[in-house]
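S.K.: Sequence and predicted structure are below.
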Amino acid sequence: MVVLALYRISCGLSMILCLVPLNWHWRNGNIPAIALILWLVPYNLCTWVNSFIWPDDASLLAGWEGGIYCDIQVKILMAGYTGIITSILAIARNLANILSDDNPIVRTKAVKRRENMKDLVICLGIPIYMMAVHYVVQPRRYYLYTISGCGATVDKSWPSIIIIFIWPPITALVASYYAALVIYRLHKYRNRFTSILSSSTYANKSRFMRLFLLAVILLIVFLPASVYTFFLNISDEFLPYSWADIHGEGWLSIEKIPTGNVIKFDRWPPVGVGFLVFLLFGLGKDAVALYRDWINTIGIGRFLPDRLMARENLHARAFSIPGSTQDSTGSKGKAVDLTTTLSSNDDGDYPIWPASH
């Protein structure tokens, strides 16, 4: 029960902490990062809720079978895991394109709109496709596990490779290619890196490198896991595909699988991803500024020290008159665009292992 309590606390905290980076990425229109969080939070939420419905083997065997609730959830879980990987792919692709010779210096609205559409297709296309065609290779409604709850079922026949098994490793491999391309181009353009970023939507080195670090760390985890899982799933002998056998009388059956009160291990990595997202994007200057806005909005800010709320800087800016500053020689200097300066210095169950029939 200690492990269960730890999972509930860490999973719940992981979801809450993702809200700050989500807010920040939403303001900046970073579709791949938004998609990553929006795939991640529902995935964790499903298992978190399940841990209260089926907390032990006894409640699993004697309790609710999860009708309709699990029918919907298995589709979310199936798409969510692959959605995390496709979002990583979109992040790595965008970073590689920023350092590309073909990257336009001036990004018109049409160019931005086209790039946003590409991001949406990459982040949502394959996961939605998997949800839509899963029924073709779904031999029964779902499995029920202790604590972890609903689990998707996948038939052990050749169409399952094309429909389900192949996509996580393919997207992870493509994402790895783009990550390697970023490393190559970082070396190639190391002397022009800052000037290149000045014309991109990723305003500075910090923002760029945090996104790149996020993609690399997640690939280190998800690439070997997805490749290993793929070969594990195809290692057994496949059965001939039969629509009639898959969707026969037994399709409505729900198999309950006691786990000895153990959480399925594939439910832990998404929890860790939530903490990683927060560590990289929830502790920078941009996030701290957001916290201050929230504190001021609810009226607590006036009770906190000026230094904590950075009010001394705001007072200094209030008395800075454009065009009136002077250098040490007494000559007038140019007014500084504080907004630009600040923004440029921001730190700025289809689980991994789908069940076979």
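M.R.: Arrived safely, thanks for sending.
S.K.: From here on, just use CA atoms for contacts and neighbour counts.
M.R.: Noted.
S.K.: Counting neighbours, what do you get for Asp236?
M.R.: 9 (other CA atoms under 10 Å).
S.K.: in the stretch 201-350 of the chain, which spans are strands?
M.R.: 254-257 (DSSP state E, counting those that start in this stretch).
S.K.: Tell me where the model's unsure across it.
M.R.: 201-203, 301-350 (pLDDT under 70).
S.K.: sec struct for Cys150, please.
M.R.: Here Cys150 is recorded as strand under DSSP: H, G, I helix; E, B strand; the rest coil.
S.K.: Which strand or helix spans the spatially closest residue to it that is not a sequence neighbour?
M.R.: Nearest residue to Cys150, sequence neighbours excluded (CA to CA, 6 or more residues apart in numbering): Leu144, at 4.8 Å. Here Leu144, judged by DSSP states H and E, is contained in strand 142-145.
S.K.: Which elements pack onto that strand?
M.R.: Applying 3 or more CA pairs under 8 Å, 6 or more residues apart in numbering; DSSP states H and E, we find strand 142-145 packed against helix 69-98, strand 149-151, strand 254-257.
S.K.: Now do that strand: distance to the chain's middle.
M.R.: 25 Å (CA atoms, centre = their mean, to the nearest Å).
S.K.: What strands line up against that strand, and which way round?
M.R.: strand 149-151 (antiparallel), strand 254-257 (parallel) (DSSP bridges).
S.K.: Out of the helices and strands packed on strand 142-145, which is closest to Arg192?
M.R.: Nearest to Arg192 among the helices and strands packed on strand 142-145 is helix 69-98 (12.1 Å), distances taken as CA to CA.
S.K.: what helices or strands is the closest one leaning on?
M.R.: helix 31-53, helix 109-133, strand 142-145, strand 149-151, helix 167-188, helix 205-234.
S.K.: what's the average pLDDT for it?
M.R.: Averaging pLDDT along helix 69-98 yields 94.
S.K.: Tell me the buried residues in it?
M.R.: 70, 73-98 (16 or more other CA atoms under 10 Å).
S.K.: what's the answer for stretch 7-26, then?
M.R.: Neighbour count says stretch 7-26 has 7-8, 10-12, 14-15, 17-22, 24-25 buried, by 16+ other CA under 10 Å.
S.K.: Report the mean per-residue pLDDT for it.
M.R.: Here the average pLDDT along stretch 7-26 is 91.
S.K.: now what about that stretch, what contacts it?
M.R.: Residues outside stretch 7-26 that contact it (CA atoms under 8 Å, 6 or more residues apart in numbering): 31, 33-34, 37, 41, 44-45, 48, 51, 271-272, 274-275, 277-278, 281-282, 286-287, 290.
S.K.: on that earlier part again, check contacts around the residue nearest to Cys150.
M.R.: Leu144 touches Leu60, Glu65, Cys150, Gly151, Ile254, Glu255, Lys256, Ile257, counting by CA under 8 Å, 6+ apart.
S.K.: The third one contacts Cys70, correct?
M.R.: Yes - contact between Cys150 and Cys70 holds when scored by CA atoms under 8 Å: they sit 5.5 Å apart.
S.K.: any shared contact partners between those two?
M.R.: Tyr142.
S.K.: re earlier: let me have the strands paired with strand 142-145 in TSV, adding distance to Ile122 and mean neighbour count as columns.
M.R.: Below are those laid out as TSV (distance: least, CA to CA, whole Å; neighbours: other CA atoms under 10 Å):
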stretch	distance to Ile122	mean neighbour count
strand 149-151	25	29
strand 254-257	33	16
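S.K.: Including distance to Leu219, could the ones you listed go into a markdown table?
M.R.: Below are the strands paired with strand 142-145 laid out as a markdown table (distance: least, CA to CA, whole Å):
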| stretch | distance to Leu219 |
| --- | --- |
| strand 149-151 | 24 |
| strand 254-257 | 31 |
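S.K.: And those strands: which comes nearest Leu124?
M.R.: Between these, strand 149-151 lies closest to Leu124; by CA to CA that is 21.0 Å.
S.K.: Looks like Cys74 contacts Tyr142 (just checking).
M.R.: Small correction: residue 74 is Val, not Cys. Yes - under the criterion of CA under 8 Å, Val74 is in contact with Tyr142, at a separation of 7.2 Å.
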